[in-house]
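Enquirer: how would this look folded up:
(one chain, ligands or ions: 2)
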Amino acid sequence: MPSQSIILFMTDKKSIIAPSVLAADFSDISRAVKLIESAGAEWVHLDVMDGCFVPPITFGAQMASAIRSETDLPLDTHLMTVNPGKHLEAFMNSGVDRFTFHIEAEIHAHRLIGEIHNSGAKAGIAIVPSTPVSLISELLGYVDQVLVMTVNPGWGGQSMIRSTLNKVRTLNEMRKAGAGEYKICIDGGFAGNTAQETWDAGVDVAVMGSAFFKAENPAEALRKCRPR
Ligand code: DX5
Ligand code: ZN
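Expert: Ligands and ions are numbered 1, 2, ... in the order given. Got it, this is the predicted structure:
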């Protein structure tokens, strides 16, 4: 179990990898978390799906609590739900560290970002592949991370939509121009064949689902996806 000072270091560094438990064996989540920790991953990514915003249903705050009891690593929660603000209190009570919601699911995004910060968590905004960066430009000064979906949300194991990396490049340029101090994150299709192009585009955090948990040797698969 990493110490608190190591946890803090892991949050501030660049090139963070966040394995998504969506691809793990749900019947043994404790083993999944141990795999994430022993592989040296910095964050744990929790894919919360409600069957409305996306067709599948995954898990809620109870699973987040179970994972919280297994690790001190930052829990990076990705709400693929309608009405994401409705779930904030429950996930905060579960002890998650980061709460990312979709701009497509929340008209009052600026207000919700404030509520997330008031609850003590880091706030993230996510955009699906068809949503341009311009739709969240007014929020970049307020969020701690921007999650660029590099697949259509709902399922692991898809191929990366490489054109979405142009949004990463745009967000990088906007950040350099002072738009905000957000981490740039990608989610979907991150694997050995896409990792270096992803880092080169300027990503700070990469979610890694099936390429991690479906690998013969997850730790080795993760190591191969580190930037060269
Ligand atoms: C998809 C999820 C992603 C997914 C990534 O909606 O948000 O986090 O689990 O899985 P891979 O890495 O397998 O594409
Ligand atoms: Zn996700």
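
Enquirer: Would you pull up the residue in this structure closest to ligand 2?
Expert: Closest contact between the chain and ligand 2, by CB to the ion, is at residue 78 (3.7 Å). Where C-beta positions appear, they are placed from N, C-alpha and C, glycine not excepted.

Enquirer: contacting residues for that residue?
Expert: Going by CB atoms under 8 Å, 6 or more residues apart in numbering, residue 78 touches 20, 45-48, 100, 124, 126, 147, 187, 207.

Enquirer: Farthest pair within these?
Expert: Using CB to CB, the two most remote members of those are 20 and 124, lying 14.3 Å apart.

Enquirer: which bits of the chain sit near ligand 1?
Expert: 20, 22-23, 45, 47, 78, 80, 151, 153-158, 187-190, 207-211 (CB under 6 Å from any ligand atom).

Enquirer: Looking at the residues you listed, which are in strands?
Expert: 45, 47, 78, 80, 187, 207-208 (DSSP state E).

Enquirer: Longest helix in this protein, please.
Expert: Secondary structure of the chain per DSSP state H: the longest helix is helix 165-176.

Enquirer: What segments of the chain are helices?
Expert: 4-12, 29-38, 61-68, 88-94, 109-118, 165-176, 195-201, 210-213, 218-224.

Enquirer: rewinding a little: ok, and which of the contacts of residue 78 reach ligand 2?
Expert: 47, 187 (CB under 5 Å from the ion).

Enquirer: Need the contacts of residue 78 in CSV (columns: pLDDT and neighbour count).
Expert: Formatted as CSV, the contacts of residue 78 follow (pLDDT from 0 to 100; neighbours: other CB atoms under 10 Å):
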residue, pLDDT, neighbour count
20, 98, 25
45, 98, 29
46, 98, 28
47, 98, 24
48, 98, 25
100, 99, 27
124, 99, 25
126, 99, 24
147, 99, 28
187, 98, 27
207, 98, 27
